[in-house]
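In: Give me the fold of what follows.
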Amino acid sequence: MGQPDYNELVRLEEIDAYPRVVLFEDSLHSDMLNERFLEKVPPQRFAVYKKIPIVAAQIIEAFIQRKNYDIIISWAENLGIPLACLFKFSSKRPVHFGIFSWISKFKKAVLLKISHKQFDRIILMSSKQRDYAVNKIGIPEEKVILLRWPVDQKFWRPMPRETKMICAVGREMRDYGTLIHAIRDLAIPCHIAAGGLTLGKNDAWIKDVKNEGVLPSHITVGKKSYFELRELYANSRFVVIPLLETKTDNGTTSILEAMAMGKAVICSHVEGQADVIQDGINGIFVPVGDSQALRQAIEYLWIHPDVAERLGRAGRQWIEEHHTLDSFVAEVKKAVEKVVAEKKNAGSKIPPQKIRPRRSILTIISTGLSLPSYKELKQMEEEDRSPRVLLYEDTLDSDILDERFLRQTPKFRRCLYKCISPLAAQLIEGFFLRKKYKAIVTWSGKLSLGLAFFLKMTRSKTLHIALMSWISKPKKAKILQRVHSHIDKIIFWSSVQKELAEKVLKIPSSKLVLVSRRVDHKFWRPLNVPMDIICTAGQEMRDFPTLLKAMDGLDIQCHIATGAIAGELFDTVKVLEEVKQMPSNIKINLLNYLELRALYARSRFVVIPLHQADTDNGVTTMEEAMAMGKAVICTRTQGQVDLLQDGVTGIFVPPGDHEALRKAILHLWNNPEIAERMGKEGRIYIETYHTLDKFVQSVREVVDGAIREQESKGR
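Out: Numbers count the residues shown, from 1 in each chain. As a prediction, this is how the structure comes out:
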């Protein structure tokens, strides 16, 4: 580790020559088990420790010291997981916290699966890793705490300088070969701050650098101290973080330091980098291993310093609001004190997670969404990182039967559910609990039809309300005709589908309810940022080939936000993988909510190309875009009749007509004032008719009315 001693660290921090690393130990009143600690152990143990790796020495010493401390915090997987394995053989252990970053590596995951019961809490700083811990390893979600990576915003701060260079920082999972290839012929000085070129453990990047041959004079490589690194950031116009593909958030430390310094960041868009950079807001994502795309991004920010400065300011603001070292330390301290207090109050036994009292309604929703816990969702909504998905369950006083719910069922049923499909598990659990709720709401065609079938076969009188979007598929329609007797109300948001249910399937009109679609207009809202691209989003029934033909040869960048969701890849998306040569102005990848909002904000307008269908495919994307104040170009399908107003909030084009689509794109691109006018009209329309609040209230009125009707009949 090579850190100075405590007194020297305090002195260095006071003279602003070192980040505030002692803040953690001072705030938590914690001893730090590092080299200095090991040097003070009895001579015989120290003699042994000098002959073994320092990590092994730390683990052994922590196990020996376990009775001398109320709590042990292991800040790294290679320390915490082996220590937890040792605790399995101890009759008594202190409270044990793990602060980890990358648990999805196979060996780590296997060992953590065996030893996670020896942790009282595990703190993770990547949403992807949190999902892996809960959904793949099986760690109870109440034991997993998601915090944000910290950065000392007081040390890493903006320093006005004349910027005549760029830099790249860090070692792990770095793709410096692609970076060097991208800038070899550019006259832009770049320093790679990643240590010397002496090959060491886990330094595969060095091989990449050496494989590039003799480096040109404008590319230099060398390690920097904290003070020198801050100077390097300050002198750089922006920072580049090229990464190899990874499921964890490698590069985050360097990204946070750069953003805290007020620098824009160009980063490879790896799966694990999902929580910090907002593409086009505080940085730019580029495809992994694509030297040409990386070169274009570097050239763009270099010749547009005003854009780099704007992204940098937004990055600094993001750090101050979400990633300060002070807030991180305070959150860790709060979590530690809570667990210690619980343990003392319970006679040294950690009580089970308090489950919220059962609510009056049970809503069964599609699985595969990997949603965080209720508490984490609440925090994300308060921090404006997620749409208000909790508004429904809170307003309707409803439990949500999803993956989280299934993990809390009794052990026997939990084991059974692991052997069958999630859909079957939900239906069985919903049927099992039917008498414990006033009503069951099913939110998808498969769930609605499946539960109605169960209820009909058992002649159950459970109050059942179904939210359905697409019933006109032949198989669904046939089943619905036979089981609708056990659905009390069917809620639609497509007038075409409601009309089909009434006139074709002959379902009594008294059962059918039409409500307005919903979008969280508070999350999806206009953001004042430069608009330099267009975009499209979504999977189902998308006609991407027609869009590609329309975009071919245009000097307009288009981002297609799509990909596999919950492991499912629609055939309409698979066709993109079959394209041999993707046009250079097309970029494709799946985005999270924050990234998608940033993409909409950067877009002059949004395009939704659809295959012909009698349902309202594409309407979610359309609502989000309109809520963001964006004009929409959409294929005129049979089912798209309730939202877009042609010539007012957007433009309709015929199905499969790439020439008409191209013409509409060029029209709005070349007439931004028209796109802006349509976008404003779209926002007004959403606020008037399609807010999430109105939708939730409408569903609640339907459910409450059905409950009153059932009670009046004495059913």
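In: alpha carbons only for contacts and neighbour counts from here, please
Out: Fine.
In: for residue 696, phi and psi?
Out: Torsion angles at residue 696 (phi, psi; degrees, to the nearest 10) stand at phi -60, psi -40.
In: Around the closest residue to it other than its chain neighbours, how many other residues sit close by?
Out: Nearest residue to residue 696, sequence neighbours excluded (CA to CA, 6 or more residues apart in numbering): residue 392, at 5.8 Å. When counting by other CA atoms under 10 Å, one arrives at 20 neighbours for residue 392.
In: what does residue 575 give?
Out: Residues lying near residue 575 (other CA under 10 Å) number 12.
In: Please give the element, helix or strand, for the residue nearest to residue 696.
Out: helix 390-396 (DSSP states H and E).
In: Check which helices and strands that helix sits against.
Out: helix 374-382, strand 398-401, helix 692-713 (3 or more CA pairs under 8 Å, 6 or more residues apart in numbering; DSSP states H and E).
In: Contacts for the first one, please.
Out: Residues from elsewhere that reach helix 374-382 (CA atoms under 8 Å, 6 or more residues apart in numbering): 146, 371, 386, 387, 388, 389, 390.
In: so where does the fifth one fall, helix or strand?
Out: Assignment of secondary structure by DSSP H and E places residue 388 within no helix or strand.
In: for the third one, same thing?
Out: Taking DSSP H and E as the criterion, no element holds residue 386; it sits outside all helices and strands.
In: pLDDT score for it?
Out: Looking at residue 386, its pLDDT is 89.
In: pull the CA atoms of stretch 632-651 into PDB?
Out: Extracted C-alpha coordinates of stretch 632-651, given in PDB (Å, rounded to 0.1, in the frame of the first residue of the first chain):
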ATOM      1  CA  VAL A 632     -41.800  12.100 -32.700                       C
ATOM      2  CA  ILE A 633     -41.700  10.500 -36.200                       C
ATOM      3  CA  CYS A 634     -43.700   7.200 -36.000                       C
ATOM      4  CA  THR A 635     -44.900   4.600 -38.400                       C
ATOM      5  CA  ARG A 636     -48.700   4.800 -38.800                       C
ATOM      6  CA  THR A 637     -49.900   1.400 -37.700                       C
ATOM      7  CA  GLN A 638     -53.400   0.200 -37.100                       C
ATOM      8  CA  GLY A 639     -52.900   0.300 -33.300                       C
ATOM      9  CA  GLN A 640     -51.200   3.700 -33.000                       C
ATOM     10  CA  VAL A 641     -54.300   5.900 -32.800                       C
ATOM     11  CA  ASP A 642     -54.500   7.300 -29.300                       C
ATOM     12  CA  LEU A 643     -51.400   9.400 -28.700                       C
ATOM     13  CA  LEU A 644     -49.600  11.000 -31.700                       C
ATOM     14  CA  GLN A 645     -51.300  13.900 -33.400                       C
ATOM     15  CA  ASP A 646     -50.000  14.100 -37.000                       C
ATOM     16  CA  GLY A 647     -48.500  17.500 -37.700                       C
ATOM     17  CA  VAL A 648     -49.100  18.700 -34.100                       C
ATOM     18  CA  THR A 649     -47.000  16.600 -31.800                       C
ATOM     19  CA  GLY A 650     -45.200  14.500 -34.500                       C
ATOM     20  CA  ILE A 651     -45.300  13.000 -38.000                       C
END
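In: Give me the distance from that stretch to the chain's centre.
Out: Stretch 632-651 sits 30 Å away from the centroid of its parent chain (CA atoms, centre = their mean, to the nearest Å).
In: next one: stretch 259-276
Out: For stretch 259-276, the distance to the chain centre is 14 Å (CA atoms, centre = their mean).
In: Straight-line length of it, end to end?
Out: 10 Å (CA to CA, to the nearest Å).
In: Where do the domain boundaries of the protein fall?
Out: Residue ranges for the structural domains of the chain, counted by automatic domain parsing, are given in the record as 6-146, 165-322, 361-518+704-713, 533-690.
In: Out of those, which is closest to residue 337?
Out: Closest to residue 337 of the domains of the chain is domain 6-146 (CA to CA; 9.2 Å).
In: can you count the residues close to residue 708?
Out: 12.
In: so residue 20 is in which element?
Out: Assigned by DSSP H and E, residue 20 belongs to neither a helix nor a strand.
In: ok, the one residue sitting closest to the centre of the chain - contacts?
Out: Most central in the chain under CA atoms, centre = their mean is residue 592, positioned 4.9 Å from the mean C-alpha point. Contacts for residue 592 (CA under 8 Å, 6+ apart) come out as residue 274.
In: Likewise for the one 3 residues further on?
Out: The neighbours of residue 595, taking CA under 8 Å, 6+ apart as the test, are 277, 278, 279.
In: That one and residue 405: what is the separation?
Out: Per CA to CA, residue 595 is found 28 Å from residue 405.
In: cool, and residue 610?
Out: From residue 610 over to residue 405 the distance is 35 Å, taken as CA to CA.
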